[in-house]
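*Asks:* please find the sequence and the predicted model below.
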Amino acid sequence: DGGITQSPKYLFRKEGQNVTLSCEQNLNHDAMYWYRQDPGQGLRLIYYSQIVNDFQKGDIAEGYSVSREKKESFPLTVTSAQKNPTAFYLCASSLQGGSTEAFFGQGTRLTVV
Amino acid sequence: QKEVEQDPGPLSVPEGAIVSLNCTYSNSAFQYFMWYRQYSRKGPELLMYTYSSGNKEDGRFTAQVDKSSKYISLFIRDSQPSDSATYLCAKMDSNYQLIWGAGTKLIIKP
């Protein structure tokens, strides 16, 4: 089955710890994205990558980091510098940057206590 | 002012009713619009996209764009309880990134 897999579905971390969210796709898409979703605010772009070994900051990149060493994988690290990390994180991919259709993973709910 | 505005609802309607979901936008550049549906605790999925004024139909769903008013709508005919979800509108910007509305939570009552 082709698609995007995010893991884990739920994640709990103590304040001050870094945590890495996994995102893998087997759609052979060039572009991948990380969004954060908070109630009543829609999706906000954290980082995106249009090609392997290249990525750009989105609107709310502070406190986050990413890597794109392989086409299939785009992990997101939530660092201790992120002031309000508890949120629902969504990974997406599209055939290329600017495609009208983005395919989303099932999301990771991160709770920092 | 946000570039894409959408009432978060919730919007509650009886089964079988016609549903109207709406968004407004402020930037007229790159007028590509999308509607996504998101079930609770799931990722969004694309319902429809459009880039022209007027209506675009797909089954029970109709997307409408009014560029003069900067207004986009999604109509759902013969609404079903399975249509209960959050509906997100999105517009592409000049950097080919999607600008998202807040999403409207729709509840279809049996």
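*Replies:* Sure, I can see it.
*Asks:* ok, now which ones touch residue B:49?
*Replies:* Residues in contact with residue B:49 (C-beta atoms under 8 Å, 6 or more residues apart in numbering or on different chains) are A:100, A:101, B:32, B:33, B:34, B:35, B:63. C-betas here are computed from N, CA, C, even on glycine.
*Asks:* let me know the closest of those to residue A:3.
*Replies:* residue A:101 (13.3 Å; C-beta to C-beta).
*Asks:* count of residues packed around that closest one?
*Replies:* Using other C-beta atoms under 10 Å in any protein chain shown, residue A:101 has 13 other residues around it.
*Asks:* I'd say it and residue A:94 touch.
*Replies:* Yes. Using C-beta atoms under 8 Å, residue A:101 is in contact with residue A:94, at 6.3 Å.
*Asks:* which regions of chain B lie under the pLDDT threshold?
*Replies:* B:1 (pLDDT under 70).
*Asks:* ah, wrong one, I meant chain A
*Replies:* For chain A, counting by pLDDT under 70, the residues that fall below are A:1-2, A:100.
*Asks:* what residues does it have near chain B?
*Replies:* Proximity of chain A to chain B (C-beta under 8 Å from any C-beta of the partner chain) is limited to residues A:4, A:6, A:40-45, A:48, A:58, A:90, A:92, A:97-98, A:100-107, A:109.
*Asks:* what strand or helix carries the closest residue to residue B:45 other than its chain neighbours?
*Replies:* Among residues not flanking residue B:45 along the chain, residue B:37 sits closest, at 5.7 Å (C-beta to C-beta, 6 or more residues apart in numbering or on different chains). According to DSSP states H and E, residue B:37 maps onto strand B:33-38.
*Asks:* keeping just the C-alphas, turn the very next helix or strand once past that strand into CSV.
*Replies:* Later in the chain than strand B:33-38, the nearest helix or strand by DSSP H and E is strand B:45-50. This file holds the C-alpha atoms of strand B:45-50, laid out as CSV (Å, rounded to 0.1, in the frame of the first residue of the first chain):
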residue,chain,number,x,y,z
GLU,B,45,-7.6,14.2,2.7
LEU,B,46,-8.2,16.1,-0.4
LEU,B,47,-11.9,16.4,-1.5
MET,B,48,-11.7,18.9,-4.3
TYR,B,49,-9.5,21.6,-5.9
THR,B,50,-10.4,24.4,-8.2
